[in-house]
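Colleague: For reference, the sequence and a predicted model appear below.
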Amino acid sequence: AQSVTQLDSHVSVSEGTPVLLRCNYSSSYSPSLFWYVQHPNKGLQLLLKYTSAATLVKGINGFEAEFKKSETSFHLTKPSAHMSDAAEYFCVVSDPWSGNTPLVFGKGTRLSVIA
Amino acid sequence: DGGITQSPKYLFRKEGQNVTLSCEQNLNHDAMYWYRQDPGQGLRLIYYSQIVNDFQKGDIAEGYSVSREKKESFPLTVTSAQKNPTAFYLCASRIKMGVGEKLFFGSGTQLSVL
């Protein structure tokens, strides 16, 4: 069975400093991995996705994530936080080859950015 | 443009009432999902459907029902048996394309109890 663990429920950074949101996954096959962002009272917006191509994935708004199979991790990073990055972030794992396993979400990490 | 449409954006339910949340997609996706979001608990799977006329319970299906009579539509009914329905509900769809897998989300419905 697939599972996702977001290691921090809340991360707080100062504006202009790096962001690191941690995600570990468990999957018995080569998964697809996604990071989504959710601003208050909004739906989910895709930041980036990994689907067995390049292990370093670049997304929107300066975010990127690196797939590390040996560590079963897919951490999200950004070199310099902006106030507009304050939101909830979700790591999602999916099996791209099977229709029998639904999407699995992490519990989310709330990012706060301090001026 | 293709996408997923959830309606209404806000919905209020009276005690003992059933309400239905709409989810429509014009992406020709096979799989559709309903998730419930509560503060601090992330997204929990209610029901999902891989093909028309077939659906499976997720982790928190009690008090909910769904149908999948058409590929485009996957409505969710919150029944009176659901004692704590106040939450944000998200619908998603997915197409299986291997490395080209795509996921789409609706903009959500906020359900509150009067």
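Modeller: Looks like it came in fine. Numbers count the residues shown, from 1 in each chain, chains lettered A, B, ... in the order given.
Colleague: what residues does chain A put near chain B?
Modeller: Residues of chain A that fall close to chain B, judged by CB under 8 Å from any CB of the partner chain: A:9, A:32, A:34, A:36, A:41-44, A:46, A:49, A:51-53, A:90, A:92, A:94, A:96-100, A:102-103, A:105-108. All C-beta spots, glycine's among them, are computed from the backbone N, C-alpha and C.
Colleague: From the centre of chain A outward, give me the first residue you hit.
Modeller: Nearest residue to the geometric centre of chain A (CA atoms, centre = their mean): residue A:35, 3.3 Å.
Colleague: For it, give its distance to residue A:15.
Modeller: 21 Å (CB to CB, to the nearest Å).
Colleague: what's the answer for residue A:95, then?
Modeller: Counting by CB to CB - residue A:95 and residue A:15 are separated by 38 Å.
Colleague: Partner strands of the lowest-mean-pLDDT helix or strand in chain A, with direction?
Modeller: Least confident element among the helices and strands of chain A, by mean pLDDT, DSSP states H and E: strand A:104-105 (a mean of 86). Here strand A:104-105 is paired, per DSSP bridges, with strand A:87-94 (antiparallel).
Colleague: Please identify the residues of chain B in proximity to chain A?
Modeller: B:6, B:30-31, B:33, B:35, B:40-45, B:48, B:50-51, B:58, B:88, B:90, B:92, B:94, B:96-101, B:103, B:105-108, B:110.
Colleague: which intervals of chain B have sub-threshold pLDDT?
Modeller: Applying pLDDT under 70 to chain B picks out residues B:1, B:96-101.
Colleague: Residue B:16 is in contact with residue B:83, correct?
Modeller: No - if you go by CB atoms under 8 Å, residue B:83 and residue B:16 don't touch, sitting 10.8 Å apart.
Colleague: Mutual contacts of these two, please.
Modeller: Taking CB atoms under 8 Å, 6 or more residues apart in numbering or on different chains as the contact rule, residue B:83 and residue B:16 have no neighbour in common.
Colleague: Now for the nearest residue to residue B:42 once chain neighbours are set aside: which residues touch it?
Modeller: With sequence-adjacent residues excluded and distances taken as CB to CB, 6 or more residues apart in numbering or on different chains, residue B:42 is closest to residue A:107, at 3.6 Å. Applying CB under 8 Å, 6+ apart to residue A:107 gives the contacts A:6, A:9, B:40-42.
Colleague: Name only those of those residues that count as buried.
Modeller: A:6, B:42 (16 or more other CB atoms under 10 Å in any protein chain shown).
Colleague: who touches the most centrally placed residue in chain B in this structure?
Modeller: The centre of chain B sits closest to residue B:34, judged by CA atoms, centre = their mean, with a distance of 2.9 Å. By CB under 8 Å, 6+ apart, residue B:34 lies in contact with B:21, B:23, B:45-48, B:58, B:64, B:66, B:74, B:76, B:89-91.
Colleague: So which of these is the closest to chain A?
Modeller: residue B:48 (4.6 Å; CB to the nearest CB).
Colleague: from memory the closest one sits against residue B:56, does it?
Modeller: Yes - using CB under 8 Å, residue B:48 makes contact with residue B:56 at a distance of 5.8 Å.
Colleague: All the strands of chain A, residue numbers only.
Modeller: A:3-6, A:10-14, A:19-21, A:23-26, A:32-38, A:45-50, A:56-58, A:64-68, A:73-78, A:87-94, A:104-105, A:109-114 (DSSP state E).
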